[in-house]
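**Student:** no sequence for this one, just the structure:
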């Protein structure tokens, strides 16, 4: 068991005694502040997992280093004060420092908060086992790195609210798992979780998919259809790839978020929406706004609480831990005892994982199929095949052909290879479905 480190900066002898006599504080490795240097400098020199700070109004300068350092991202803080106005402390709280308790202090609440942090920070490990995972879990998320434990605490707090959440993260990092975890930890968990990929919708069907339609509302509307706002009534609606939704539909979505009302296509009857909306994007929202892909007013509506999902490369030991986790579950399913060799683990740890957790999971699945008793480096089909394919592709590209013609040929040939499946085609080409539709419409107009 790894004991978390608690930094204590407390001037009040009575408060200090209460803390040190409590069972929960004795479970931490306690680091007491000294009078030789400001406590913020001490934290920079010996970072801990959690800091308990009694506010000293005579030393406001002690707080400034926190705002300009990495500590706020890597540590959690509990501040206690007499309640006097403290602008610098307010700035820290806006930056996500943690908790601020004011006099009169409720020690039971403070100790309960310490207990909560302890449970999140403690890493209890079982002996290595081919069918055992060593990673912590919150909802559908798995990981024990500092950034993941911080994400768990954030999700636990926002889950019990009805705030709209915008989940931001790279492809494959687990954005839908974050959304589903928020739903499971919310008061709406007994109701439905409905997910829709905004990038996979044809522009002419977005209204119908969102709000539903009545029979005969348009050509092909052979029966009534419930949109996702109706399907998710009382529950959670997850809008994936929100930046790929056409801007005209973004206006209609904004209207629903502002008024709570919507109308199915082909009817004048107004319906009241009772859903918690979680959206996701793998783009930088500000860049998407600048490029006209996301309305700024919709962004502010969706991002009442933005959540950033860390890429796998920033999750440290979670990389090897997740490899073992996926292997353990596959071993349990197949009643096997396959092992990852040390060389394979070294290769996994050194890989950059541009496809994040999804890429890692698929790599372990492929290696499991190819291996016998041990998974060797040659079983891990990472970037090698892609590099060879890229080299072959470059060799086959003709010279002197206009780029627009090359692009058109690539799109139409890929579409034909995928039997007209636009979602798979867009994914293989590395573009959004919305962009693919725009390109195809352009080619159709040019050919007429």
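**Tutor:** Okay, I see it. Model, not experiment: these values are computed from the prediction.
**Student:** which parts of the stretch 301-448 of the chain are strands?
**Tutor:** 305-308, 339-340, 374-375 (DSSP state E, counting those that start in this stretch).
**Student:** and stretch 13-20, which residues are buried?
**Tutor:** 15-16, 18-19 (16 or more other C-beta atoms under 10 Å). All C-beta atoms are positioned from the backbone trio N, CA, C, and that covers glycine.
**Student:** which helix is the longest one in the protein?
**Tutor:** helix 318-334 (DSSP state H).
**Student:** just checking, what packs against that one?
**Tutor:** strand 339-340, helix 342-350, helix 356-370 (3 or more C-beta pairs under 8 Å, 6 or more residues apart in numbering; DSSP states H and E).
**Student:** any chance of JSON lines for these, columns distance to residue 294, mean pLDDT and mean neighbour count?
**Tutor:** Converted to JSON lines, these look like this (distance: least, C-beta to C-beta, whole Å; pLDDT from 0 to 100; neighbours: other C-beta atoms under 10 Å):
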{"stretch": "strand 339-340", "distance to residue 294": "41", "mean pLDDT": "92", "mean neighbour count": "20"}
{"stretch": "helix 342-350", "distance to residue 294": "35", "mean pLDDT": "90", "mean neighbour count": "15"}
{"stretch": "helix 356-370", "distance to residue 294": "22", "mean pLDDT": "93", "mean neighbour count": "18"}
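**Student:** distance to residue 167 for the ones you listed - can I get that in CSV?
**Tutor:** Shown next, in CSV, are the helices and strands packed on helix 318-334 (distance: least, C-beta to C-beta, whole Å):
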stretch, distance to residue 167
strand 339-340, 30
helix 342-350, 26
helix 356-370, 14
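**Student:** closest one to residue 46 among those?
**Tutor:** With C-beta to C-beta as the criterion, residue 46 lies closest to helix 342-350 of the helices and strands packed on helix 318-334, at 26.9 Å.
**Student:** go through the helices and strands packed on helix 318-334 and name the closest to residue 266.
**Tutor:** Going by C-beta to C-beta, the one of the helices and strands packed on helix 318-334 nearest residue 266 is helix 356-370, 38.6 Å.
**Student:** just want the angle from that closest one to helix 318-334.
**Tutor:** Calculated by axes from the mean of the first three to the mean of the last three C-alpha atoms, to 10 degrees, helix 356-370 forms an angle of 40 degrees with helix 318-334.
**Student:** burial measure for residue 202, as a count.
**Tutor:** 13 (other C-beta atoms under 10 Å).
**Student:** quick one, what contacts residue 413?
**Tutor:** Neighbouring residues of residue 413 by C-beta atoms under 8 Å, 6 or more residues apart in numbering: there are none.
**Student:** quick one: it from residue 429, how far?
**Tutor:** 10 Å (C-beta to C-beta, to the nearest Å).
**Student:** what's the answer for residue 17, then?
**Tutor:** Residue 17 is 66 Å from residue 429, by C-beta to C-beta.
**Student:** what does residue 141 give?
**Tutor:** Taken as C-beta to C-beta, the span from residue 141 to residue 429 is 30 Å.
**Student:** so which of the two has more stuff around it?
**Tutor:** Shown here are residue 141 and residue 429; by other C-beta under 10 Å, residue 141 has more neighbours (19 against 16).
**Student:** ok so residue 239 is a strand residue?
**Tutor:** Yes: Residue 239: assigned to a strand according to DSSP: H, G, I helix; E, B strand; the rest coil.
**Student:** quick one: residues contacting residue 356.
**Tutor:** 170-174, 311-312.
**Student:** show me the strands in the stretch 1-150 of the chain, by range?
**Tutor:** Using DSSP E, counting those that start in this stretch, strands in the stretch 1-150 of the chain cover 5-9, 29-32, 50-54, 76-81, 98-102, 137-138, 141-142.
**Student:** what's in contact with the longest helix of the chain?
**Tutor:** In contact with helix 318-334 (C-beta under 8 Å, 6+ apart) are residues 129-135, 142-145, 148, 312-313, 336-338, 340, 345, 348-349, 351, 353, 357, 360-361, 364-365, 368, 375.
**Student:** now the angle from it to helix 342-350?
**Tutor:** 130 degrees.
**Student:** return the set of buried residues in helix 318-334.
**Tutor:** Quick answer for helix 318-334 (16+ other C-beta under 10 Å): 318-328, 330-331.
**Student:** what average pLDDT does it get?
**Tutor:** In this model, helix 318-334 carries a mean pLDDT of 90.
**Student:** quick one: that helix to chain centroid distance?
**Tutor:** 21 Å (C-alpha atoms, centre = their mean, to the nearest Å).
**Student:** any weak-confidence spans in the protein?
**Tutor:** 1-2, 57-62, 67-70, 72-73, 95-96, 122-132, 216-217, 383-401, 434, 445-448 (pLDDT under 70).
**Student:** before we move on, the earlier item: can you name the two of the contacts of residue 356 that are farthest apart?
**Tutor:** 171 and 312 (11.2 Å).
**Student:** the more surrounded of these two?
**Tutor:** residue 312 (26 against 14).
**Student:** and that one, what is it in contact with?
**Tutor:** 172-173, 318-319, 322, 353, 356-357, 359-360.
**Student:** one more pass at 7 Å, please.
**Tutor:** If a contact means C-beta atoms under 7 Å, 6 or more residues apart in numbering, then residue 312 has 173, 319, 353, 356-357, 360 as its contacts.
**Student:** got it, and residue 3?
**Tutor:** 27-29.
**Student:** correct me, but residue 357 touches residue 173?
**Tutor:** Yes: at 6.3 Å, residue 357 counts as touching residue 173 under the criterion of C-beta atoms under 7 Å.
**Student:** related to what we said a few turns ago, so which of the contacts of residue 312 is the closest to residue 254?
**Tutor:** Of those, the one sitting nearest to residue 254 (C-beta to C-beta) turns out to be residue 173, at 26.4 Å.
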